[in-house]
Structures are given as C-alpha cells and as structure tokens.
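S.K.: Need coordinates for the below:
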Amino acid sequence: MLCTGPTKTIELKPPGNTENESLLENLNLMGVDVKKARQRQPGVFRKAFTNEQGLAQFLQGKGASRRVIASIVSRYPRAITRSIEHLEQRWDLWRNIFMTDAEIVTILDRSPESFFRSSDNGNLEKNIDFLTSMGLNTKDLHRLLTTAPRTFSNSLELNRQMVEFLEDICAELGGTNPEQFVKAVITRNLYILIRSTKRVKTNIDILRSSLKLSDAELLALLQGPVAEILDLSNEYLKNNFNSLQKKMVSLGCRRAHIKNLIISYPMVLYIGPSTLSLKLDCLLKGGITMKQIVEKPKVLDYSTENITGRLEELKRVGYDFQKNGINILDSSRKRHVERRNHHSLLVWHGRRLTAAQHQPLTLLDCCCAFQAGHLVRSVMEKVTEVTAEKGTTVAVKGEAALRPEFITTKDKFHSYIDSETNGGKATDNGAAEETKETCVQGPEVKKFKPDPEERAKKEVWPDGKRLRGQNKSRPHKKPTTYDEKRLCLSIIQENRECPFGDKCHFYHDVAEYLAAKEADIGERCYLYDTFGKCSYGLCCRFAKAHTSPDLQTMENTELIKAREGRNPVKNSLSKDLQIRLRKRSVPFKKSEEYLEALSNSRDKKTEQQGNGEACATKVSADPAGGEQHVSTEAQTKLQSSSDNQPPVKTVGPLTDEDIIKLRSCEKKQVDFRDKLYLAPLTTCGNLPFRRVCKRFGVDITCGEMAMCTNLLQGQQSEWALLKRHESEDLFGVQVEGSFPDTMTRCAELINNNTDVDFVDINSGCPIDLVYKKGGGCGLMTRTRKFEQIIKGMSYVLDVPLTVKIRTGVQEKSNMAHKLIPEMKDWGVSMITLHGRSREQRYTKGADWDYITTCSKLASPVPLFGNGDILSYEDAMRAKETGVSGIMIARGALIKPWIFTEIKESRHWDISSSERLDILRDFTNFGLEHWGSDTRGVEKTRTFMLEWLSFMCRYIPVGLLERVPQKINERPPYYLGRNYLESLMASQNAGDWIRISEMLLGPVPTTFNFLPKHKANSYK
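M.R.: Reported below is the predicted structural model:
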C-alpha cells in the first residue's frame, strides 16, 4: 500500500514548468522533501509516468519504514522511474550477496544511488561475475557492497580498467602473481575501484619518490597497509606528507624514522597537519618520546581530547611510560580502564606483599583490592597456599569428587609434568609414590583455562588485543604456511609435464627439495601399509617407508589390487560441478517449481486480503503468528508438475525409478529408534573423529554444520564437510540457512550429487554470526520461513528430513512444545531437542523434564534428546524419559568410548595407553584424510589439539570417589596413576602439543596453538 502520513502543503510549481501535478501530490503524501528532490533531479518531475506507489509498496514489502522510503526518494528521485520487474531483478542480485533484506534496506537508507543509479541489471550481474572471477568470495563482495556500493554501479569497463592497471603495476614492480596482488589491494582498500587510475598512479609515484622505495619494497607495501591510502587525493597526500616530514625533522627525527612510521602506519597520512601537530605535542608533553611513537604509531588513532584525558589519568596513578611502554594508550576505553586499575593495584600490592608473606591476607584486604580493580593473581595464590598449609578442607560447588590421595596443587602438578622435559621422568610406581607425598586435604580451586588464557589479563598479542572472549583473536596459522615451497606435482606424479614451465614456483630438483625438507617422522607410512601406495611420494613425512635408494616411490601391487574399485570416501566435490556452481549453471527444477508455487500462493493471499476476501481452503494461517502456508491448489500444482516430468535420460537398462516418481510415503525410510546418534560437532566432528566413534559403536553419524550459501557457491572447504567414509553406514549432513530459496536449492543439490541417508536442518546453533542472520535458533522465531524451508526441502529430497532445535531462545521462555506439533504436519521425519535455550548455552544442566513433555507431543515422529550425557547411567536415565533415542555431543569429545559403555552398560576404567592408542588411530585416519605431507600432518595435529582441549576434561574412573563423573563438574588438579595419565589431565595447551609430538613428531619452530572453543560450562 502507499505510505500514508500527515498531508503537507503541496508546493506550487515554478512558472513555465510542466511538472506532473499528481506526482507532486503523491510525493507530498509520502513525506518526500520535494524541494530537495527538485534540486537534485528536476527532470523527474516532468515525466508523465512514474512508479512512486509501486516503489513504496515494494520497499515496504522488504521492511523499509515510511521515513526510509521518503528519504530515498528525496535524495534520489529517479528511483520512482524504476519498474517493479527491474526492482525485483536487482534485489535478487543483491540478495546473492546479502543474507537479509534488512541489510539492503540499511544501505539504501545510507546510499540510495548505489541501488538506483544504474538501470542496467545486466551490468550489475556482470560486475558480480567479474569480481568473483578475481577470487573475491561472498564475504569480500558483502564488504564491497556495504562500504563502496558504487563499485557495482560502475560500468564493467571501468572496473576492468582499474584491475588491468593494478596488474600492470604488479608486473612493472616485478610481481609474479598479479591476480593475488589485485585481490590484496581491493580487500585492503574497498574504494579503489571507484577512483581513477590517474589518481592511484600519481599516489604510487609520490610514495615511491618520497620514501625512496625499491620495486620490491613498494610491491610488498602496496599489498599491505599502504593500499589503504591509495584513494586519497593527490594534493592531500602530498601536503600531509610534507607537513609530517617537516614536523618530525623539527623534533630531531631522521628520514629513516619518517619512512618507518609511514610504512608501519600509513594511516598517519590521513591525519591533517594541524591535528597531527597537536597530537604529537600532547604526547611529547606527557613524557612520551618520538622513538616510542614511531614504534607504536597507533596511539595517533585517538582524538586529541582522548589522548589528553588518558595521559592525565595515568599521571595521577604514577604510570611510567619509559618503564612500562605506551601500549596502555593503544586500547579501547574499557581496556584502558582495566589496565590503569591493574597498574594501580600493582602499586597497592607492592605495599602489601611483605605483610602477606608473614601472615594470611584478611578478607577485608582482598575486598579492598577487588574494589580498587581486578584482584592480582599472585595475591589469590598466596591466600590459597596459606589455606592449604593450614589443612583446611574447602568444599567447592561444581567440582568433581576425587580420591584424596590423587589430589595435588597447581604448582606441584606442573612441576611433575615438567619433570619429563627436565630429564626426571618418574616410573609408574614412582608416580604413585609422588602422588601420596604431594596430596593435600584442601586442593586449590582449579581455573579451567589453558595457561595462555590465564596470562590474558596482563598480556596482549602484538596487535594489542587481549586473549579474551571465545578465543577469536587466537594466533592461528594455516597448515599451508608450514610448507609453502613444495615439490612440484609433475615430479610427484611421474610421466607428467609441468604446465607452468619455468614460471613454476615449486621445486623441480629432487635433491634440492630433500635438502630443504623437514626430517621424516617415522619409519612406517600408514597410507603405504593400508593402500599399497602413498600418493604423496617424496613429500610424505614417512617417505623412507616407500622410497627406493634411487628415490623412486615403491608400490605394493597386492594391496593395490585387493582395494581396486573401492572408494572409501564419498561425496567429494567434482571440478565440473564446482565450475557449474560458480557459473550458476546448475539447474534446480524441483526447487523452482516449489518456489514458484510458493510465490503464487503468497500473491493470491495478498490479492484476497486486498479484496477483503478469505479462502480458508487455499490459504491457512497459523493461529500463533499468522504464518502463511502453501495453498492446497499450489500443492496440487506441484504434484501434477512432478508427475508430468519427462523421463530422465540414463545409461543402461530402463528402471521403474526412471519413469515413476516416488511419492512421499515411498521415499527412503530410516529407522532412527533406539540408536546412538553422534551430534554434528563444529571443528571437532570431522571425518577422522567420526571413524573413531564408529569403532566404539555409534549408530548414526552426521557431518559438521555446512552453510547452504557456501555449498551453492561451490566452496571446496564447505563441501569437505559433506564427505562420508565407507564405515558410516547411517550418515546424514546438516545444513544451515535462513531462507526457503537457498535452503531448498541446497537440499536439491545435496539430493542429486551426494550419497546421504538423511538431511538435517540446524535450527539450534546459538552463535551470533548465524543467529543474527535469521539462521540457527533464529528460525525458531521465524515460523513462517521455518515452515516454508521444511516443506521446500522435503519436496525436493528423496531421503528423510530431520530438524535439530533447542528449547527456545530466551532462558525462561520455552517454545519447542509449540513448534513440534506444527513440524509433524510440515513433513519432518525426526526431531532432535537439545534441552537448553540459546541464552543458557552450557552454564546450566539440560532440562530433561521438558524433553519428556516434548517427546509425548512429537509421537509418532521420533524425538531424540540431547544434553549432559557422559556415562551409561546418564543414558539410561535419558531413555526412561520416553525419547526415541539419544544424541551425544560433548560427552563423545571427552570420552569417545562412551558408546561402548552405553551398549555394554558399564563404566570403562580405560588406561592412558589405551587412550593414546585412540589418538594414534585418529592420527592415522587424519593422515589418510588430510594427507601425509607436511600440510596434512600439521592439519591433523591442529584438529587433534582441538579435540584434546575437550578430552583433557576426562577423569579416570579409578580416581573418582563418586562414580560417574558429571559433565559440568570441573576436575581439580590431580596426579594420575602414571606419567602419561597425568599428562593427559593437563589443561595446558603446551602439554597437548607434547602429546601430539608423540604421534606426529616435533612441531615447527613457529607453531603456536590456542583452542577455538573456550568452555564456559564450569562457571
């Protein structure tokens, strides 16, 4: 409907002007600023035919408010000349990049010309294809369209001209990879494509001549932070450089200092001369030297007022910049306050430490310190040690109960673990004796964090970010960085010419490669022993096992012949399919049928509402929220269209399946009842881990959560999540998405190109990245979209469709019991319910009473319960609730042998050597899956370390005072029955790395690790 609001006085048209009277009236009713619009594009008001009402209806349907629509037309009146067909087509192109309509509306409100400026939708589509062909992914396009939307309204020739110019610059400077150079510059400077090549060329010349840079230096800098200033006007850049140089020379700096400052912090050239001079004077007056500013130039990011205020605050607490550095200035306001309080508390601690050494600190002392800021960790350790020496037993809620003779303190635990490094490893008997000697009655409360995180409160990474949150800023290196220069594939695969010739970057000289290669890890190669041949040849880190004296790769013909024709891993992405997905040439016939019927049903309902009619037989509404269903007529059309499809052309004999379409009741059936289900686990639920769990008796396995949009784009990393091993006899894949169109197409893609037994919809993911886009838990609050997704996927799939949900979004507002009866009618074959809400996460126990209620509502559809299962006793209690089966997630990560325990109804006191054998199996499976070269080894190591961050929480049954261990009970510090058992109990990431070195050899010199997930279940 047309936007309505208070009627404004219609402005009189200027004399002699033939403006459209009805248009002026409509624009005034819409709240448009006619005066501003006339100044911007006066020709629009003389048009006889415009589409202001259609534009308003279209934008309202996308969620735009009356104010936003009026603002768009006021600033870009030509928008009212676009047809609905044009708007729909352009919106669909934008939606290929953005996940929600709300994101597009936000950009239109900020920059309407970016959407309406060009009327050539074909040009927009060509620009998207062109940028994609350069290697930019959806995330890069999203940033471009959000920050510099004019890039997409440029002509393709202009964008291509800038790209070719950048490629020429790369070649001129001696670069060998122009495509990577262009991608690096664009991702660094999103405005580069809407600037002229003349401006960029002049800026590059200014930088080269002013900083006296060589070609190699300039090439490296242009791919780095210097790219961010290439879009500045030439005069502005030149003036700022001259002013900076003059100021720094007056302060006694040399040209080398000026060069280092600009190279490390190019954004300094964004700052105006007067502002820069004020900031430098302020910092120097506060006791900071120019040397410190050159080393930490990001302090110039903050306003002069901000810098002045911080300097005054630090002066009051006696902060010494020469002694402590200036990192404290380069932080957010919140972190600055924390660091300032920390420094203030250190001063207080210096006065109190002597007294604390002679007598325990009182509670009043601790409270005063806490009020002054964060309590210093050393003070807490002093209090704990004094308590332990007095022999006081302190009961700690949420801590596992261990037998007293195994409990120890943190310092004694780590000193025992480090005895291996110091050459003092004790025997098993010695470990038991040491355990008895070091036991105390009152164990120290253990903080369940790796050591790097314990130091996070006082240490920062080089980029100034603390180790906090969910380890988002953890140091992370891709496995490919450890083996950048490899042996060329033409050498590994014999009788093959290198297609790159002299331009190839990899080794062609075997002797030269072997001289630079890391030492072999072991004498036997798992791939060679299993398959009779190692496809990695000389690159294998176990190459000695299958390399002859003349450096030829050996083969075991008997093993090769025995495994001939077997394909242990299915669902790989073929190159042909990947190319067709990227070119968007894959047909989605059944999806288009469903979406067309859905669109017709929606249009029919809108028409009926406009005429004031109601037709309950065609369009039904959900009483909870007026959700729209696909009409009976639409469903009939879907059925008839599918029945009339011509037979599919096949090779070989004609079968019934080629001619007769399966009905829904004839689709593949899976018996889910009374089975153990391994949850789809992000990061840790990879194929090698699932193979380990299959050995211990899990019945149902599922791949990690895959984003439907990434699958539709043919991303290799996302398709890897769909791979299935031959040992997985009942296997499904889990997909996540927010909209019926993408989810339905993704389901059809999976149905036609993979071998799976079921497809699962993730509507339980709690992370913000997914939830804020309407996926995961967000689907539970968008029931109309949820219904359309389920019905669409069920329509295109030949296998069962399952759904995983939580109790709800808010902690005390369950909604699963309302959705489950609806989902039964929508066509799901099985429901999995995690007994927690999104807000609750893992801080409280799962609500199995609520799961019991929901299982009764779900009947006869199977419902699986999930949450807090770590022993067979937990599993037995769960089955008593009436659920059809149980799903296990964290319990399988902590102890994958839980499936054996449940099936055999026993507690397994597994030894440390048996647990090491499990890790050895994972290592072999990882080398088979990711490769036995350096990249594969380091990737296997990384995933093993992620798993060990969960596995270390396991407490051996023989050490427990009360069996079984509960999943939310944290383990205190304890010494195991031998050294290996103690090592496996360590929460220190360095000790996990030590375990990995037992199986995968020494880590690279630059290796570091912090787990991706940080558990908060012990809070």
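S.K.: Tell me where the model's unsure across the stretch 601-750 of the chain.
M.R.: Within the stretch 601-750 of the chain, the ranges that satisfy pLDDT under 70 run 603, 605-666.
S.K.: Helices of that one, start to end?
M.R.: 632-643, 656-659, 687-695, 708-712, 716-719, 740-753 (DSSP state H, counting those that start in this stretch).
S.K.: Pull the distance from the third one to the chain's centre.
M.R.: Put plainly, it is helix 687-695. Centre-to-centre, helix 687-695 and its host chain are 23 Å apart (CA atoms, centre = their mean, to the nearest Å).
S.K.: Quick one: list the elements packing against it.
M.R.: Under the contact criterion of 3 or more CB pairs under 8 Å, 6 or more residues apart in numbering; DSSP states H and E, helix 687-695 touches strand 701-702, strand 724-725, helix 912-930, helix 934-951. Placement of C-beta: from N, CA and C, glycine included.
S.K.: cool, the fourth one as well?
M.R.: In terms of contacts (3+ CB pairs under 8 Å, 6+ apart), helix 708-712 is packed against helix 716-719, strand 731-736, helix 740-753.
S.K.: so which of these comes closest to L797?
M.R.: In terms of CB to CB, the element of those nearest to L797 is helix 740-753, at 5.2 Å.
S.K.: now for the following helix or strand past the closest one, which elements pack on it?
M.R.: The first helix or strand that comes after helix 740-753 along the chain, using DSSP states H and E, is strand 758-763. Packed against strand 758-763, as judged by 3+ CB pairs under 8 Å, 6+ apart, are the following elements: strand 731-736, helix 740-753, helix 783-796, strand 801-806.
S.K.: Ok, which of the ones you listed comes nearest G54?
M.R.: Nearest of those to G54, taken as CB to CB: helix 740-753 at 22.5 Å.
S.K.: Quick one: low-confidence residue ranges for this protein.
M.R.: Residue ranges of the chain with pLDDT under 70: 1-17, 331-397, 420-480, 484, 494-495, 603, 605-666, 843, 1013-1019.
S.K.: can you count the residues close to the residue lying closest to L222 once chain neighbours are set aside?
M.R.: Excluding its sequence neighbours, the residue lying closest to L222 (CB to CB, 6 or more residues apart in numbering) is V185, at 6.3 Å. Neighbourhood size, V185 [other CB atoms under 10 Å]: 24.
S.K.: so who does V185 touch?
M.R.: The contact partners of V185, by CB atoms under 8 Å, 6 or more residues apart in numbering, come to 166, 192, 222-223, 227, 230.
S.K.: Now, those residues that are in helices?
M.R.: Using DSSP state H, 166, 222 are the members of these that sit in helices.
S.K.: As JSON lines, the contacts of V185 with neighbour count and distance to D741 would be great.
M.R.: As requested, those are exported to JSON lines (neighbours: other CB atoms under 10 Å; distance: CB to CB, whole Å):
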{"residue": "L166", "neighbour count": "24", "distance to D741": "35"}
{"residue": "I192", "neighbour count": "24", "distance to D741": "33"}
{"residue": "L222", "neighbour count": "25", "distance to D741": "40"}
{"residue": "Q223", "neighbour count": "20", "distance to D741": "37"}
{"residue": "A227", "neighbour count": "21", "distance to D741": "36"}
{"residue": "L230", "neighbour count": "23", "distance to D741": "38"}
